[in-house]
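Chemist: Requesting a structural model of the entry that follows:
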Amino acid sequence: MDILISVFLMGLLGGVHCLGMCGGIVAMLTAGLDVDVRANPKKVALFHLNYNLGRVLSYVLMGAVFGLIGALLTQSLQMGMIDRSLRIFSGILMVMVGLYIAGWSSGIQRLEKIGTKFWAILQPLTKRFLPIRNLKSAFFTGLLWGGIPCGLVYGALSFSIVSGSATQGGMIMLAFGLGTLPSLLLMASLSTQLTRFVQKPMIRKASGLMIIGLGVAALWMPVNMLIKGASHANMQMHQTPSSMPIKTPTTNKF
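Modeler: Residues are numbered from 1 along each chain as shown. Down below sits the predicted model:
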């Protein structure tokens, strides 16, 4: 439950990043709608709802795949150190996302460059559904849209693989996707006002700090386990002979 809340908040607080990554796409999709559709705010909202349903479903599917990979790794390797390392990696990614949103580091963008190879495969497929003419096309466009390189998504996916379950991995990404919905749905109707608001330095820094806090909290458990394990091993190494049980020699009686 703690992970679900954390990834939901990461998606919610990461709205600043979502605007930067997807703001242009939202504007393009809106501009591509028929004139009569754009004249009706309710119809526009329905199209954007379908975009986002497809996008969130793509996250859930990716989460299930990564969760399954985590399950296979757990069953085959059976090593606690691997699990702790993955958990530490997840926490570090969350901290990196927070630093990026706050404007203090752009390290997460290096990870996004890796995802561009995957997006290069998906992007040509979006042309089949453009321009958007119906809700079905909007849904499938959103489904492909989920493959856009995004450090925020990769951070959430790292928690899916740690879950070690396809079901849990999908649930984690569902929670993350729901967290991103408010920003992207509001973006369709309040794009200018919303962009101005979230681009304010104080808003960016506050959102970034909160995500960093979530990352530090995620790091605490695996790091604490490593410290305790090292401390226990150190105590065993320095155990004095006097504290060890003394075996009395046995004598043979004839």
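Chemist: Show me where the stretch 51-200 of the chain dips below the pLDDT cut-off.
Modeler: Where the stretch 51-200 of the chain drops to pLDDT under 70, the residues are 76-82, 187-199.
Chemist: for the host helix or strand of residue 58, the distance to its chain's centre please.
Modeler: Under the criterion of DSSP states H and E, residue 58 resides in helix 41-77. Using C-alpha atoms, centre = their mean, to the nearest Å, the distance from the centre of helix 41-77 to the centre of the chain it belongs to is 11 Å.
Chemist: From the contact counts, what lies against that helix?
Modeler: helix 15-31, helix 35-38, helix 80-102, helix 135-145, helix 151-163, helix 166-198 (3 or more C-beta pairs under 8 Å, 6 or more residues apart in numbering; DSSP states H and E). To be clear about C-beta, it is placed using only N, CA and C from the backbone, and glycine gets the same treatment.
Chemist: And that helix, what's buried?
Modeler: 44, 47-60, 62-68, 70-71, 73-74 (16 or more other C-beta atoms under 10 Å).
Chemist: roughly how far is stretch 126-142 from the heart of the chain?
Modeler: 25 Å.
Chemist: To clarify, my last question referred to stretch 115-122.
Modeler: The chain centroid and the centroid of stretch 115-122 are separated by 18 Å under C-alpha atoms, centre = their mean.
Chemist: Ok, stretch 169-179 next?
Modeler: That offset, for stretch 169-179, works out to 8 Å (C-alpha atoms, centre = their mean).
Chemist: Pull out the buried residues from it.
Modeler: Neighbour-count burial for stretch 169-179, with 16+ other C-beta under 10 Å as criterion, is recorded at 169, 170, 171, 172, 173, 174, 175, 176, 177, 178, 179.
Chemist: out of those residues, which one sits closest to residue 25?
Modeler: The shortest approach to residue 25 among the buried residues of stretch 169-179 belongs to residue 177, at 15.8 Å (C-beta to C-beta).
Chemist: From residue 27, how far off is residue 63?
Modeler: Using C-beta to C-beta, to the nearest Å, residue 63 is found at 28 Å from residue 27.
Chemist: who are the neighbours in contact with residue 43?
Modeler: Under the criterion of C-beta atoms under 8 Å, 6 or more residues apart in numbering, the contact partners of residue 43 comprise residue 37.
Chemist: Residue 159 reaches residue 90, doesn't it?
Modeler: Yes: using C-beta atoms under 8 Å, residue 159 is in contact with residue 90, at 5.1 Å.
Chemist: out of the two, which sits in the busier spot?
Modeler: Each of residue 159 and residue 90 has its neighbours counted (other C-beta atoms under 10 Å); residue 159 has more, 30 against 25.
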